[in-house]
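Student: Below is the structure, and that's it, no one-letter string:
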């Protein structure tokens, strides 16, 4: 006996392709949507269609923006002299994570990925030329590279540092070391190596 | 600094209302959708709109069906004499789970929930009148009640059994007992009580 509808099967299949979801959770979600057709399924369908037509990526800073307005998130179209630091992140989720720490109150530049020979992303797609442009046009003193501590992230950081070399500005990179709450015994070699190499002095003796 | 777009916030908020998802996974999904606008976001939006307009609940058996055709899943519009058992389940996912065991090859009746004083679902909404109708109109010998082993599921089973009393047919209920693979030591009192109460004889001595 065929127990499902083709249009439901199609919906379940699409939901199961979302990150973190499998066929079972996709089914559960699809049935939940069917149970809440008016107050969840319809608004979600509309929100997706709306986001599909309206949201695009800013070609200057890489943030998401509405098609009809300038980039409101990183305000990259403003020429603002109070703005002297630029934090380079891989993607929007990384920007949100940085922002949640409250340690940095400046502008962001979102690469939209990392350099990778594997999936073929190249420097043009990562808005690195646009980063150099932003640094030149604005009064930027420091570029903070906040890419992931992965091989791709660090390769990208190295490439960005190299690209910015001729501009004579300060370029920094997030510290590598022990994550808060970690126990030495359970840390991997790479982290311990970094933590040891970049150890800080805790008194004033040289 | 406001770091997001209203239309993206709205999308994330709707996704986070899906079962099993929270704000973090909703964000991740929304950003994944934005990265795959043409091959995932658009099809998903269309599939939702399509399911919203096309799929409805059959008022006879409770299964999902396309608006323009008769119920193809449980074939409740067929008068078929080979069809003498009817399995009553709470929802479509339960039907799929029953079907996956391959133990039952008959027709289903999907209640669409359980009787509950808490969230106010009443016998009319649960298609119990329609169940009585189906039993009367077709050549049904046995109604198998496959509701959950929860208070609501068992209350519903009791109510259904009571409603079918006057029809003089066999009404059965799924066995309660030890789940396969369980160890006595770790089972809850309720399960052990049921397993003991409904113990089966293993030899022919009375």
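Tutor: Done, it's in. Bear in mind the structure is a predicted one, so any value in this text is a computation, not a measurement.

Student: C-alpha only now, for contacts and for neighbours.
Tutor: Fine.

Student: Give the partner strands of the one helix or strand in chain A whose mean pLDDT sits lowest in its sheet and their orientations.
Tutor: Counting by mean pLDDT, DSSP states H and E, chain A has its least confident helix or strand at strand A:64-66, which shows a mean of 80. Paired neighbours of strand A:64-66 in the sheet (DSSP bridges): strand A:55-57 (antiparallel).

Student: Now find how far off-centre the partner strand is within its chain.
Tutor: 14 Å (CA atoms, centre = their mean, to the nearest Å).

Student: Stretch A:56-67 now?
Tutor: 13 Å.

Student: buried residues in that stretch?
Tutor: A:56-58, A:60-66 (16 or more other CA atoms under 10 Å in any protein chain shown).

Student: Out of those, flag the one nearest to residue A:85.
Tutor: Comparing the buried residues of stretch A:56-67 against residue A:85 with CA to CA places residue A:61 closest, at 13.7 Å.

Student: Setting aside sequence neighbours, what's the nearest residue to that closest one?
Tutor: In this structure, residue A:61 finds its nearest non-sequential neighbour in residue A:109, 4.9 Å apart by CA to CA, 6 or more residues apart in numbering or on different chains.

Student: next SSE after the helix or strand in which the one you found is found?
Tutor: Under the criterion of DSSP states H and E, residue A:109 resides in strand A:107-110. With elements assigned by DSSP H and E, the helix or strand that comes after strand A:107-110 is helix A:128-137.

Student: pLDDT (mean, whole number) over that next one?
Tutor: In this model, helix A:128-137 has a mean pLDDT of 88.

Student: That one - contacts with which helices or strands?
Tutor: helix A:151-164 (3 or more CA pairs under 8 Å, 6 or more residues apart in numbering or on different chains; DSSP states H and E).

Student: Next, the angle helix A:128-137 makes with the helix it packs on.
Tutor: 40 degrees (axes from the mean of the first three to the mean of the last three CA atoms, to 10 degrees).

Student: Now do the helix or strand immediately after helix A:151-164 in the chain: everything it contacts.
Tutor: Per DSSP H and E, the first helix or strand lying C-terminal to helix A:151-164 is strand A:170-173. Applying CA atoms under 8 Å, 6 or more residues apart in numbering or on different chains, the contact partners of strand A:170-173 are A:141-146, A:157, A:161, A:164.

Student: For residue B:28, state which of those is nearest.
Tutor: Among these, and counting by CA to CA, the member closest to residue B:28 is residue A:146, at 18.9 Å.

Student: what's near enough to touch the closest one?
Tutor: Per CA under 8 Å, 6+ apart, neighbours of residue A:146: A:87-90, A:173-174.

Student: what bridges to the nearest residue to residue A:146 once chain neighbours are set aside?
Tutor: Distances taken as CA to CA, 6+ apart place residue A:89 nearest to residue A:146, at 5.2 Å, with adjacent residues excluded. Residue A:89 has these beta-bridge partners by DSSP bridges: residue A:110, residue A:146.

Student: Got the confidence number for residue A:89?
Tutor: Looking at residue A:89, the pLDDT reads 91.

Student: and it, what does it touch?
Tutor: Here residue A:89 is in contact with A:95, A:108-111, A:145-147 (CA under 8 Å, 6+ apart).

Student: Recalculate using a threshold of 10 Å.
Tutor: A:62, A:95-96, A:98, A:108-114, A:144-148, A:153, A:157 (CA atoms under 10 Å, 6 or more residues apart in numbering or on different chains).

Student: How many residues are close by residue A:42?
Tutor: As a burial measure, residue A:42 scores 21 neighbours (other CA atoms under 10 Å in any protein chain shown).

Student: repeat for residue A:35
Tutor: By other CA under 10 Å, 15 other residues sit near residue A:35.

Student: That one touches residue B:63, doesn't it?
Tutor: No - look at residue A:35 against residue B:63 with CA atoms under 10 Å: they stay out of range, at 11.9 Å.

Student: what do these two both touch?
Tutor: B:56-57, B:112.

Student: Including pLDDT, could these go into a markdown table?
Tutor: Output for these, formatted as a markdown table (pLDDT from 0 to 100):
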| residue | pLDDT |
| --- | --- |
| B:56 | 84 |
| B:57 | 83 |
| B:112 | 85 |
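
Student: and the closest residue to residue A:48 other than its chain neighbours, what does it touch?
Tutor: Nearest non-adjacent residue to residue A:48, counting by CA to CA, 6+ apart: residue B:45, 5.4 Å away. Contacts for residue B:45 were tallied using CA under 10 Å, 6+ apart; they are A:11, A:14, A:41-42, A:44-52, B:51.

Student: Let's see that with 8 Å instead.
Tutor: Per CA under 8 Å, 6+ apart, neighbours of residue B:45: A:44-46, A:48-49.
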